[in-house]
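# got a predicted structure plus its sequence, pasted below:
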Protein chains: 2
Amino acid sequence: MPIDKPYVLGLDVGGTNSVVGVVDARGHVLGRTSIKTKDYPVFANYVEALCAEIEKVVEPLGGMEKVRGLGGGVPNACYYTGMIDQAANLPWSHVPFAQAISDKLNIPVSITNDANAAAMGEMMYGVAKGMKNFITITLGTGVGSGIVIDGKVVYGHDGFAGELGHTTVVRGETGRLCGCGRKGCLEAYASATGVARTAKEILETTTKATILRDLKESEITSKDVYDAAMQGDEVAKEIFNYTGTILGESFANFILFSAPEAIVIFGGLSKAGELLLDPIRKAMNANVMYFWKDKVKLLLSDLKEADAAILGASALAWEL
Amino acid sequence: MPIDKPYVLGLDVGGTNSVVGVVDARGHVLGRTSIKTKDYPVFANYVEALCAEIEKVVEPLGGMEKVRGLGGGVPNACYYTGMIDQAANLPWSHVPFAQAISDKLNIPVSITNDANAAAMGEMMYGVAKGMKNFITITLGTGVGSGIVIDGKVVYGHDGFAGELGHTTVVRGETGRLCGCGRKGCLEAYASATGVARTAKEILETTTKATILRDLKESEITSKDVYDAAMQGDEVAKEIFNYTGTILGESFANFILFSAPEAIVIFGGLSKAGELLLDPIRKAMNANVMYFWKDKVKLLLSDLKEADAAILGASALAWEL
């Protein structure tokens, strides 16, 4: 890379905040700023405010001429067109996101969805460094995925490939309703909200003793389930077993597709560690086709959570 | 390509026959020969006999110096190593297939499994010509798949990617036993033998009137079901509906992975045409995530069956 442009920008856009960091080639975040996404219902004003903040944070590092490009992780972003479409949690839709920022800052801009950005981050700075074939699964409010084949994130024909959180794991009417409008998606079971739903189902349909009954049922979170499991609560452990088993069975199917070297788990729910990894590993190896038994690595992301989204998005910019 | 080497060889290895064709850049099969695979329990003798036949068929076209390389579609072949491992239907296992033929003929040799070869053939000579992202599904004795992303067949970390016939479609103990030893694989439902199993299940568990009852139940084939359906038999049509629905539901999941432009159906069962395509299309579009509804093409291969395997395998050789 040109020595006179040693930095890239990584932008992580969420419904609440838009966070941007200045990143060097080693993955150090040298500066950081943010604006409130929802304060800008008009897209042009958002771009104006964001770019003003960016120029401010870049200033002490030598200004925009030191910046090679900007990579963004944005919900429902299309990598090919740089557009955002039908993003339920953002104030604007069908906007030329990448183009607008590029025009304003005079640098190349590339965007993709946050899960694909996470995969880029793992490949450049994380546990998948040096790997050419792996899948990243993000377990947060939803379940996202980024698929890397031959060292490149898979975007597919239209730019929207890698939506493994919406693979159907329970067929038919008994499947849980997912945010996408369909039934039985992996996301409805294996996200943080899926774990909370599992807890409620077990509390409602059984009389098993559990400290989770001390909480208000409608307010139980995956964090409460985690805390209970760490205190030895059997029902809480059962909830993680159930979640991990569904994930492991799904992973066994994903492996058939791209024969990855590893599956990397990322996101809030991954903090459950072995509580979740152990049942995933068991179900994955019990269900995978014989030639992959015990061969595909199951890894936890080790990127610092505050930096991970920025690093992942910034990784896109090195390709520009 | 060099004008002095205008041909490639396409080799299709099956448990019964090994067929080889001489192919030009336009996909014309200029010569063809074969040996009986099972006549050669000793691998060295197989290589000797096959290469002798190849030299004979190439002779009138100018001899081996006109041949650029050989591509082979071989069960359980590893693209990276050129080895064959654990191929249940071949007389030998764990043999350096590509190397042995390359040493004997003095040309580069590349092999992959037959389903991946079929995908190459569709991309070079078939309905996927010009496409960069598609999936080929082979519906024969088994269910195979070849996945193309960014114009390249996906081999994955170990060379064995693209085994979609073994994705689990029915979870748990009620899933049909598959040849791979696991339960509930797509192949156990959607292959030609899967269709025959569905027929037997329906005949045994219902009393519905059908001309299939005139046949000996243990001998019913997918061809019998097809013939009955073409005569308007309702049970036979129901069998194709059932098969197509399972395929379409599976395709909806595959689309989430690689966002293909098209899914191409190939192999014996594809002759059922709309009997199968109609329920596939309905189930695929009813189950796919909203942004792909009615967007992914469902295509039937139009390669001549006698040539398709050879063309597919030969396509590998142009990359050498």
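Ah, there it is.

# check contacts around residue A:93.
A:84, A:85, A:86, A:87 (C-beta atoms under 8 Å, 6 or more residues apart in numbering or on different chains). In short, each C-beta sits where N, CA and C put it, glycine included.

# could I have the buried ones of these as ChimeraX selection syntax?
The ChimeraX command for the buried members of the contacts of residue A:93 (criterion: 16 or more other C-beta atoms under 10 Å in any protein chain shown) is given here:
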select /A:84,87
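
# what about the closest residue to residue A:77 other than its chain neighbours, how many residues nearby?
Nearest-residue entry for residue A:77: residue A:111, 4.2 Å, with adjacent residues in sequence omitted and distances by C-beta to C-beta, 6 or more residues apart in numbering or on different chains. Number of residues near residue A:111 (other C-beta atoms under 10 Å in any protein chain shown) recorded here: 26.

# pLDDT wise, what is residue A:111 at?
The score at residue A:111 is 96. That number is its pLDDT.

# pretty sure it sits in a strand.
Yes: note on residue A:111: a strand contains this position according to DSSP: H, G, I helix; E, B strand; the rest coil.

# hmm, it is touching residue A:79, no?
Yes: when contacts are counted by C-beta atoms under 8 Å, residue A:111 is listed as touching residue A:79 (7.0 Å).

# and the stretch 1-150 of chain A, which of its residues are near chain B?
Residues of the stretch 1-150 of chain A found near chain B (C-beta under 8 Å from any C-beta of the partner chain) are A:86, A:132, A:133, A:147, A:149, A:150.

# and those residues, which is closest to residue A:253?
Taking C-beta to C-beta as the measure, residue A:253 sits nearest to residue A:147 out of the residues of the stretch 1-150 of chain A next to chain B, at 13.0 Å.

# re the thing from before, can you list the contacts of residue A:93 in CSV and add pLDDT?
Shown next, in CSV, are the contacts of residue A:93 (pLDDT from 0 to 100):
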residue, pLDDT
A:84, 92
A:85, 83
A:86, 77
A:87, 77
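
# farthest pair within the contacts of residue A:93?
The widest separation within the contacts of residue A:93 (C-beta to C-beta) is 8.3 Å, between A:84 and A:86.

# okay, now residue A:266: neighbour count?
Neighbours around residue A:266, by other C-beta under 10 Å: 30.

# and it, what pLDDT?
90.

# which ones are touching it?
So residue A:266 contacts A:118, A:122, A:136, A:137, A:138, A:139, A:300, A:301, A:303, A:308 (C-beta under 8 Å, 6+ apart).

# please work out how many residues are found near the closest residue in space to it that isn't next to it in sequence.
Of all residues not flanking residue A:266 in the chain, residue A:301 sits nearest, at 4.0 Å (C-beta to C-beta, 6+ apart). Neighbours of residue A:301 under the rule other C-beta under 10 Å: 22.

# surely residue A:301 touches residue A:270?
Yes: between residue A:301 and residue A:270 there is a contact under C-beta under 8 Å: 6.5 Å.

# what pLDDT, on average, does the host helix or strand of residue A:124 get?
For residue A:124, the element it lies in under DSSP states H and E is helix A:114-125. For helix A:114-125, the mean per-residue pLDDT is 92.

# so how far is residue B:81 from the residue in chain A sticking out farthest from the centre?
Ranked by distance from the centre of chain A (C-alpha atoms, centre = their mean), the top residue is residue A:207, with 35.3 Å. From residue A:207 across to residue B:81, the span is 56 Å (C-beta to C-beta, to the nearest Å).

# what distance do you get for residue A:28 to chain B?
Going from residue A:28 to chain B by C-beta to the nearest C-beta, to the nearest Å gives 30 Å.

# sorry, that was for residue A:214
34 Å.

# cool, residue A:58 as well?
Per C-beta to the nearest C-beta, residue A:58 is found 34 Å from chain B.

# and the gap between residue A:143 and chain B?
For residue A:143 relative to chain B (C-beta to the nearest C-beta), the value is 11 Å.

# SS state for the closest residue to that residue other than its chain neighbours?
Once flanking residues are discounted, residue A:143 sits nearest to residue A:165: 3.2 Å by C-beta to C-beta, 6+ apart. Under three-state DSSP, residue A:165 falls in the helix class.

# find me the pLDDT at residue A:165, would you?
Taking residue A:165 on its own, its pLDDT is 96.

# residue A:94 contacts residue A:87, correct?
No: contact between residue A:94 and residue A:87 fails when scored by C-beta under 8 Å: they sit 9.4 Å apart.

# let me see the mean pLDDT of whichever strand or helix holds residue A:11.
Element membership for residue A:11, per DSSP H and E: strand A:7-13. For strand A:7-13, mean pLDDT rounds to 96.

# what separation do you get for the residue nearest to residue A:266 and residue A:75?
Taken as C-beta to C-beta, the span from residue A:301 to residue A:75 is 19 Å.

# list phi and psi for the residue of the stretch 101-250 of chain A found nearest chain B.
Relative to chain B, the nearest point of the stretch 101-250 of chain A is residue A:156 (2.6 Å; C-beta to the nearest C-beta). Backbone torsions for residue A:156, taken as degrees, to the nearest 10, come to phi 80, psi -170.

# so it sits against residue B:260, correct?
Yes: counting by C-beta under 8 Å, residue B:260 is a contact partner of residue A:156 at 6.5 Å.

# with neighbour numbers in mind, choose between those two.
residue B:260 (27 against 24).

# show me how far the helix or strand bottoming out on mean pLDDT in chain A is from its chain's centre.
Scoring the helices and strands of chain A by mean pLDDT, DSSP states H and E places helix A:305-317 at the bottom, with a mean of 88. Helix A:305-317 sits 11 Å away from the centroid of its parent chain (C-alpha atoms, centre = their mean, to the nearest Å).

# which other helices and strands does it contact?
strand A:7-13, strand A:17-23, strand A:29-36, strand A:67-73, strand A:109-112, helix A:114-125 (3 or more C-beta pairs under 8 Å, 6 or more residues apart in numbering or on different chains; DSSP states H and E).

# dump the ones you listed to CSV, plus distance to residue B:69.
Below are the helices and strands packed on helix A:305-317 laid out as CSV (distance: least, C-beta to C-beta, whole Å):
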stretch, distance to residue B:69
strand A:7-13, 42
strand A:17-23, 45
strand A:29-36, 49
strand A:67-73, 40
strand A:109-112, 37
helix A:114-125, 33
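
# sorry, back to before: make a markdown table from the contacts of residue A:93 and add secondary structure to it.
Formatted as a markdown table, these follow (three-state DSSP):
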| residue | secondary structure |
| --- | --- |
| A:84 | strand |
| A:85 | coil |
| A:86 | coil |
| A:87 | coil |
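
# mind listing what residue A:233 touches?
With contact set as C-beta under 8 Å, 6+ apart, residue A:233 has these partners: A:210, A:211, A:212.

# what are the phi and psi values for the second one?
It refers to residue A:211. Backbone phi and psi, for residue A:211 under degrees, to the nearest 10, turn out to be phi -70, psi -10.
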